[in-house]
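Trainee: Show me the folded form of this:
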Amino acid sequence: MNEFTNTLLQERYYTEQLANGLTICLLPRPNYTKTYATLTTGYGSVDRHFSLPHEEILAPHGVAHFLEHKMFEDPNEDVFQKFAHQGASINAITSYQQTSYLMSCTHQVENNLHHLLDFVQQLYITDENIDKEKPIIEQEINMYHDHPIWRAYAGLLSAMYHRHPVRIDIAGTSESISHINKSLLRTCYETFYHPSQLLLFVVGPIDPEETIEHIRRNQALKTFPTRPNVERKPVEEPIHPSRPITDISLPTGNNICYFGFKEARVDAMGDDYLKQELCTQLALQALFGKGSWLYNSLHNEGLLDVDFKAEYCLAQGFGFSFMHGTTSDPDTLLQRVQAELPRLLNEGIHLAEWELLRKEKMGEILTSFNSLEWIAKQFTRYYLNRADLFRLSTILSHLTLHDVQQSLYEHMDMEHFCASIVRAS
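Mentor: Sure, this is the predicted structure:
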């Protein structure tokens, strides 16, 4: 095993890549009672178009999410009950760029890790259980169509993106899932669930040597076919948004408004990825955070509620900021934001404000390291972008006001501004 130490965070963690390609990261937390583990593949909803040695595949929208559902299919026992009998809980989530299987327990850690690896590393699918799953997922898709907040978020992405699959629901569409079949699911599973594509992250009161030995033994009992070389096909997405705004009406109690900027720099990895994310998050906080002039001005005018948030998403091939909340007057809100932003961008961030923002962000990061779930999820997300979660605080400590100002100007290009309104009807 490789051992790494972060003196600032006072953390020691261990990594190893097994002969079959499985990557393992172990973070001992001896003073905790719960162990939390994630087994993740870097295969998400945007991974539709890829080439294998003798085949090029353009999959329907929603295959990664559909496959996540089918992983819980077992002809002999209920997967959830199997974990429950071992005192563990199990769940899964598919996002734009990954699918993760999440397990937590307070005892029988080794047995539960075996169960986690075993159920993800086998697939039971039939034509019958695939057909049975389609109306279930279609119902899930339709349920979100009636959800005002989801429609506002989806509307913003459809305004930003012309053809990138991020603009489509992670679960796909009713039409797209009708084209999913056993052969396609099997191909995607063998391509993206091979051990060489999986990351197992375990955090809790574990002994690294004992835990890694249990995992080695589990994997030594299994054989896997050679994973074919796969090439993901990039999406040719224009820099500029598809359209400035989407606007719909739904039977809801409040108007909902989402607005944000389409990111132009979408190829950062490693420390550059951490730096870009941190700089943009701090810039958004400076302009739209609860202590900012713009937020307080709009809130005092009754145009923003206290739940208003500013967030940022960055991945390989796409990225965007999104600010959102309920409002009494979405048209006036957008007019005010678009009128004030050029002036605020020109003024920039004051030095005293910057120092406070950086201290608050450092405090937020250090506090978050108390959460095992946060550590596991964020480590995995950064790993997929070739970045190291444990470098986050170090990168932040070396950021300058100039770095954040530059991100402010580059990201918040008004030509990349989009909005989505769901009006109460």
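Trainee: Now do the spatially most central residue of the chain against Tyr43, distance only.
Mentor: Nearest to the mean C-alpha position of the chain, by C-alpha atoms, centre = their mean, lies Ser95 at 5.3 Å. Ser95 is 10 Å from Tyr43, where distance means C-beta to C-beta, to the nearest Å. No exception for glycine: its C-beta is placed from N, CA and C like everyone else's.
Trainee: What of Ser425?
Mentor: Taking C-beta to C-beta, one finds Ser425 at 39 Å from Tyr43.
Trainee: and what of Ala315?
Mentor: 13 Å.
Trainee: got any ranges where the stretch 301-425 of the chain has weak pLDDT?
Mentor: For the stretch 301-425 of the chain, no stretch has pLDDT under 70.
Trainee: any idea where the helices of it begin and end?
Mentor: With helices called from DSSP state H, counting those that start in this stretch, the stretch 301-425 of the chain shows them at 330-347, 351-368, 372-384, 392-398, 401-411.
Trainee: Of Ser425 and Tyr43, give the one with the bigger neighbour count.
Mentor: Tyr43 (25 against 9; other C-beta atoms under 10 Å).
Trainee: measure the residue nearest to the more buried one when sequence neighbours are not counted to Met414 for me?
Mentor: With sequence-adjacent residues excluded and distances taken as C-beta to C-beta, 6 or more residues apart in numbering, Tyr43 is closest to Phe192, at 3.6 Å. Per C-beta to C-beta, Phe192 is found 38 Å from Met414.
Trainee: quick one: which of these two has more around it?
Mentor: Legend: neighbour count by other C-beta under 10 Å for Phe192 and Met414, higher for Phe192 (22 against 10).
Trainee: OK, contacts around Cys257?
Mentor: Ala152, His324, Gly325, Thr326, Thr327, Pro330, Leu333, Leu334, Ala419, Ser420, Ile421, Val422 (C-beta atoms under 8 Å, 6 or more residues apart in numbering).
Trainee: Which residue is the nearest non-sequential neighbour of the second one?
Mentor: Excluding its sequence neighbours, the residue lying closest to His324 (C-beta to C-beta, 6+ apart) is Tyr258, at 4.4 Å.
Trainee: Touching, that neighbour and Leu156? I think so.
Mentor: Yes - under the criterion of C-beta atoms under 8 Å, Tyr258 makes contact with Leu156 at 4.3 Å.
Trainee: Setting the sequence-adjacent residues aside, check what's closest to Glu353.
Mentor: Counting by C-beta to C-beta, 6+ apart, the residue nearest Glu353 is Ala286, at 6.3 Å.
Trainee: in what helix or strand does that neighbour lie?
Mentor: helix 270-288 (DSSP states H and E).
Trainee: for that helix, packing partners?
Mentor: Counting contacts by 3 or more C-beta pairs under 8 Å, 6 or more residues apart in numbering; DSSP states H and E, helix 270-288 packs against helix 293-300, strand 309-315, strand 318-327, helix 351-368, helix 392-398, helix 401-411.
Trainee: what's the closest of the ones you listed to Thr15?
Mentor: With C-beta to C-beta as the criterion, Thr15 lies closest to helix 392-398 of the helices and strands packed on helix 270-288, at 16.9 Å.
Trainee: roughly how far is the closest one from the heart of the chain?
Mentor: 21 Å (C-alpha atoms, centre = their mean, to the nearest Å).
Trainee: Ok, stretch 231-248 next?
Mentor: That offset, for stretch 231-248, works out to 19 Å (C-alpha atoms, centre = their mean).
Trainee: and that stretch, how far apart are its ends?
Mentor: For stretch 231-248, the first-to-last residue distance is 38 Å (C-alpha to C-alpha, to the nearest Å).
Trainee: That one: which residues count as buried?
Mentor: Val235, Glu237, Pro241, Ser242, Ile245, Thr246 (16 or more other C-beta atoms under 10 Å).
Trainee: Make sure the last one is indeed in a strand.
Mentor: Yes - when classified by DSSP: H, G, I helix; E, B strand; the rest coil, Thr246 is found to be part of a strand.
Trainee: what sits opposite it in the beta ladder?
Mentor: Ser420 (DSSP bridges).
Trainee: hang on, isn't it packed against Pro330?
Mentor: No - in this structure, Thr246 is not within contact of Pro330 by C-beta under 8 Å, at 11.7 Å.
Trainee: Quickly list what's touching both of these two.
Mentor: Ile421.
Trainee: show me what contacts the closest residue to Ser158 other than its chain neighbours?
Mentor: Here the nearest residue to Ser158 in space, its sequence neighbours aside, is Arg167; by C-beta to C-beta, 6+ apart that works out to 5.0 Å. Contact analysis of Arg167 by C-beta under 8 Å, 6+ apart lists Leu157, Ser158, Met160, Tyr161, Ser242.
Trainee: next one: Gly204
Mentor: Counting by C-beta under 8 Å, 6+ apart, Gly204 has contacts Leu27, Pro28, Arg29, Tyr32, Lys34, Thr35, Tyr36, Val109, Leu372.
Trainee: So what sits opposite it in the bridge?
Mentor: Pro28.
Trainee: Equivalent analysis for Tyr13, please.
Mentor: Residues in beta-bridge contact with Tyr13 (DSSP bridges): Phe4.
Trainee: swap in Asn255?
Mentor: Thr327.
Trainee: now it: how far from Leu157?
Mentor: 19 Å.
Trainee: what's the closest of the helices of the stretch 301-425 of the chain to Asp307?
Mentor: Closest approach to Asp307 among those is made by helix 330-347 (14.2 Å; C-beta to C-beta).
Trainee: from the helices and strands packed on helix 270-288, which stretch is densest packed?
Mentor: Per residue and on average, the most neighbours among the helices and strands packed on helix 270-288 fall to strand 318-327, with a mean of 22 (mean count of other C-beta atoms under 10 Å).
Trainee: For that one, give me every contacting residue.
Mentor: For strand 318-327, contacts defined as C-beta under 8 Å, 6+ apart pick out 46, 96, 149, 152-153, 156-157, 160-161, 164, 166, 237, 254-263, 265-266, 280, 284, 288, 303-305, 307-313, 333, 411-412.
Trainee: I'd say Ala88 and Gln108 touch.
Mentor: Yes - in this structure, Ala88 is within contact of Gln108 by C-beta under 8 Å, at 7.4 Å.
Trainee: And the strand or helix carrying Leu200, what's buried?
Mentor: Taking DSSP H and E as the definition, Leu200 sits inside strand 198-204. Neighbour-count burial for strand 198-204 flags Leu198, Leu199, Leu200, Phe201, Val202, Val203, Gly204 (criterion: 16+ other C-beta under 10 Å).
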